[in-house]
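1. generate a structure from the sequence data that follows.
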Amino acid sequence: MKIAVIGTGYVGLVTGTCFSETGNDVVCVDNNEEKVKQLRAGKIPIYEPELDTLFDRNTAQGRLKFTSNLEEGIAGAKIIFLALPTPPGEDGSADLKYILGVAEKLGHILSDYTVVINKSTVPVGTADKVRAIIAKNAKVEFDVVSNPEFLREGVAVEDFMKPERVVIGTKSARARKLLEELYEPFVRQGNPVIFMDERSAEVTKYAANAFLAAKISFMNEIANLCELVNADVDQVRKGIGTDSRIGKRFLFAGVGYGGSCFPKDVKALYYTAKENKYDFKVLDAVMQVNDLQRERFVDRILAKYNGDLSGKTIALWGLAFKPNTDDVREAPAIYIIEELLKKGAKIRAYDPEAMGHVEAQFGDKVYFATDQYDALSAADFLVIATEWNIFRSPDFDKINSLLKTKVIFDGRNLYHVDNMKELGYYYYSIGRETAEGAGNPKAHNG
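-> Numbers count the residues shown, from 1 in each chain. Reported below is the predicted structural model:
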């Protein structure tokens, strides 16, 4: 099947590559000519595990192509995916100018029946708006469908190739038949393709992300209470996570959620509720808790040093909002860096994939280390902001020899408190007992 994907951002590139892997001919369209040039040269602008393997195979075999010419890109396509950015406005509303702008152009150039699919996360009613704009100029029949993505950064290829479910919003029997054929290779093990109306599909995407964000904020509130009552949030997590009604996932306490989806989608759903004169109190609390969580973490660092970090050098492990991605959008680490710099600290940062993006933002205000141990050199203490696997089992003897003091602020609860006590660390984590070590590696090494 001939498919066009408009937009080569995170969603568009994964979507186009994965559809080409099942034998479809895919053309990805982007108006950024330099980006298209790089993609044609085999350079992938994002980090996503396994994407490079599929990308290389399908570009080499001619099933995955790239162009900056919209008319050329959609020629002969039965299905067009709109995978365009919907950045949040100051009020939290999703900006639809890119989607509606492309819809305006499609109306003039569609030459045969086509299914136009909103793959981007869009507010309720967007399919209706896209349909109306295309219809103004279209001379052929078409359908507009909502087909939201549920991809987790870091495992997006796996999520796409083996989806837990596929949600498709359409009332058109013709579009439904075409999409059943398209998705059949991905659901051979019996996972459902769920058909519904367009507006319900649009709400489903926002509801899923908002609910997961709510789980994270709820557990962070529980963690904060645990600190006050001398309980352990890890034990609480195990106690409630085994309840099948609750589930084990998204129950880890930390410094809050980030990324391209949760912050934007929670705000957009909250804005939609406001537009319809509904006070969505739970979402308001979810956002407040998330903002406060990273503030609390920085406050704990400042409290340890009486609010003055001048002259202090801080090692920071992790910049991406989560492991296995280079995405730093709304990453807690960015807020932490900004606040620590304001207090006079110097930062030595390391992340396996995301340093280029952060360097573009902070320049020489931050030292970007060659590896995790280089970040520790001559640093006063360590802050952990992302739970990359390479940080889980470090060489503590090496850490001791590099850090000036045995102090760690762990925003991802990577280590056991008892172990850190034995090692003599001052170790603060989220929702657990603080190990009150002496903080002197030389004393520990004897």
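2. for the rest of this, base every contact and every neighbour count on C-alpha atoms.
-> OK.
3. so how far is L302 from L340?
-> According to CA to CA, to the nearest Å, L340 and L302 sit 9 Å apart.
4. quick check: neighbours shared by the two?
-> L309 (CA atoms under 8 Å, 6 or more residues apart in numbering).
5. neighbour-wise, which of the two wins?
-> L340 (21 against 16; other CA atoms under 10 Å).
6. other SSEs contacting the helix or strand where that one lies?
-> Using DSSP states H and E, L340 sits within helix 332-342. Packed against helix 332-342, as judged by 3 or more CA pairs under 8 Å, 6 or more residues apart in numbering; DSSP states H and E, are the following elements: helix 281-304, strand 346-350.
7. which other residues reach it?
-> 255-258, 294, 298, 309, 318-321, 328, 346-347, 358, 385-386.
8. what residues sit buried inside it?
-> Neighbour-count burial for helix 332-342, with 16 or more other CA atoms under 10 Å as criterion, is recorded at P332, A333, I334, I336, I337, E339, L340, L341.
9. return the distance of the fourth one relative to V255.
-> I take that to be I336. Distance from I336 to V255, counting by CA to CA: 10 Å.
10. ok, now the last one?
-> Plainly put, L341 is 18 Å away from V255 if you go by CA to CA.
11. now do the buried residues in the helix or strand harbouring L178.
-> Per DSSP H and E, L178 falls inside helix 173-183. Buried residues in helix 173-183, defined by neighbour count with 16+ other CA under 10 Å: A175, R176, L179, L182, Y183.
12. now render those residues as CSV, adding distance to E34 and pLDDT.
-> Compiled in CSV, those are given as follows (distance: CA to CA, whole Å; pLDDT from 0 to 100):
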residue, distance to E34, pLDDT
A175, 34, 98
R176, 36, 98
L179, 32, 97
L182, 31, 97
Y183, 32, 97
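13. from these, pick the one nearest K238.
-> Comparing the buried residues of helix 173-183 against K238 with CA to CA places Y183 closest, at 36.2 Å.
14. under the pLDDT cut-off, which ranges of the stretch 101-250 of the chain? List them.
-> When residues are selected by pLDDT under 70, none of them lie in the stretch 101-250 of the chain.
15. can you report how many residues lie near I79?
-> I79 has 25 nearby residues by other CA under 10 Å.
16. mind listing what it touches?
-> Contacts of I79 (CA under 8 Å, 6+ apart): K2, I3, A4, T114, V115, V116, I117.
17. angle of the helix holding L340 against strand 346-350?
-> For helix 332-342 against strand 346-350, the angle by axes from the mean of the first three to the mean of the last three CA atoms, to 10 degrees is 160 degrees.
18. any idea of the mean pLDDT for helix 332-342?
-> Taken as a whole, helix 332-342 has an average pLDDT of 97.
19. per-residue confidence for P87?
-> Looking at P87, its pLDDT is 85.
20. and it, how close does it get to K343?
-> Counting by CA to CA, the gap from P87 to K343 is 31 Å.
21. contact partners of the helix or strand hosting K37?
-> Assigned by DSSP H and E, K37 belongs to helix 33-40. Under the contact criterion CA under 8 Å, 6+ apart, helix 33-40 has outside partners V29, D30, I44, P45, K65, F66, T67, S68.
22. again, 10 Å this time
-> 8, 13, 28-30, 41-45, 55, 59, 64-69 (CA atoms under 10 Å, 6 or more residues apart in numbering).
23. in it, which residues are buried?
-> So for helix 33-40, counting by 16+ other CA under 10 Å, buried means K35, V36, L39.
24. equivalent analysis for stretch 357-367, please.
-> H357, V358, V366, Y367.
25. so G239 sits in a helix?
-> Yes. Judged by DSSP: H, G, I helix; E, B strand; the rest coil, G239 forms part of a helix.
26. just the closest of the buried residues of stretch 357-367 to N220, please.
-> Nearest member of these to N220, counting by CA to CA, is V358, at 25.9 Å.
27. who are the packing partners of the strand or helix carrying T15?
-> Mapping T15 onto the secondary structure by DSSP H and E places it in helix 10-21. For helix 10-21, the elements it packs on are strand 2-6, strand 25-29, helix 51-60, strand 64-67, strand 79-82, helix 156-161, judged by 3 or more CA pairs under 10 Å, 6 or more residues apart in numbering; DSSP states H and E.
28. give me every residue that touches the residue lying closest to R294 once chain neighbours are set aside.
-> Of all residues not flanking R294 in the chain, V255 sits nearest, at 5.0 Å (CA to CA, 6 or more residues apart in numbering). Residues near V255 by CA under 10 Å, 6+ apart: 216-217, 220, 290-298, 331-333, 336, 384-386, 410-413, 429-430.
29. number of nearby residues for the closest residue to S120 other than its chain neighbours?
-> Spatial nearest neighbour of S120, excluding adjacent residues (CA to CA, 6+ apart): A83 at 4.9 Å. A83 has 28 neighbouring residues, counting by other CA under 10 Å.
30. what score does A83 have for pLDDT?
-> 96.
31. repeat for G23
-> 97.
32. look up how far L316 lies from Y425.
-> For Y425, the distance to L316 - CA to CA - is 17 Å.
33. ok, P192 next?
-> On the measure of CA to CA, P192 and L316 end up 42 Å apart.
34. higher neighbour count, these two?
-> L316 (28 against 13).
35. strands paired with the helix or strand containing that one, and their directions?
-> Taking DSSP H and E as the criterion, L316 maps to strand 313-317. Note on strand 313-317: by DSSP bridges, its sheet partners are strand 346-350 (parallel), strand 381-384 (parallel).
36. can you say which of these is nearest to S401?
-> strand 381-384 (12.1 Å).
37. CA-only coordinates of that closest one in CSV, if you can.
-> The C-alpha trace of strand 381-384 is given here as CSV (Å, rounded to 0.1, in the frame of the first residue of the first chain):
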residue,chain,number,x,y,z
PHE,A,381,28.2,16.0,45.4
LEU,A,382,26.2,14.1,42.9
VAL,A,383,22.6,14.6,41.7
ILE,A,384,20.8,11.9,39.7
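38. now it: mean pLDDT?
-> On average, strand 381-384 scores 98.
39. contacting residues around that strand?
-> 255, 298, 301, 312-319, 333, 336, 347-349, 375-376, 391, 399, 402-414, 426-429, 439.
40. centroid residue for this structure?
-> Closest to where the C-alpha atoms of the chain average out (CA atoms, centre = their mean) is G259, at 3.6 Å.
41. so who does it touch?
-> E153, A320, F321, K322, T325, D327, V328, R329, E330, A331, P332.
42. make TSV out of the residues you listed and add secondary structure and distance to I134.
-> Converted to TSV, those look like this (DSSP: H, G, I helix; E, B strand; the rest coil; distance: CA to CA, whole Å):
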residue	secondary structure	distance to I134
E153	coil	32
A320	coil	38
F321	coil	37
K322	coil	38
T325	coil	36
D327	coil	33
V328	coil	35
R329	coil	32
E330	coil	34
A331	coil	37
P332	helix	40
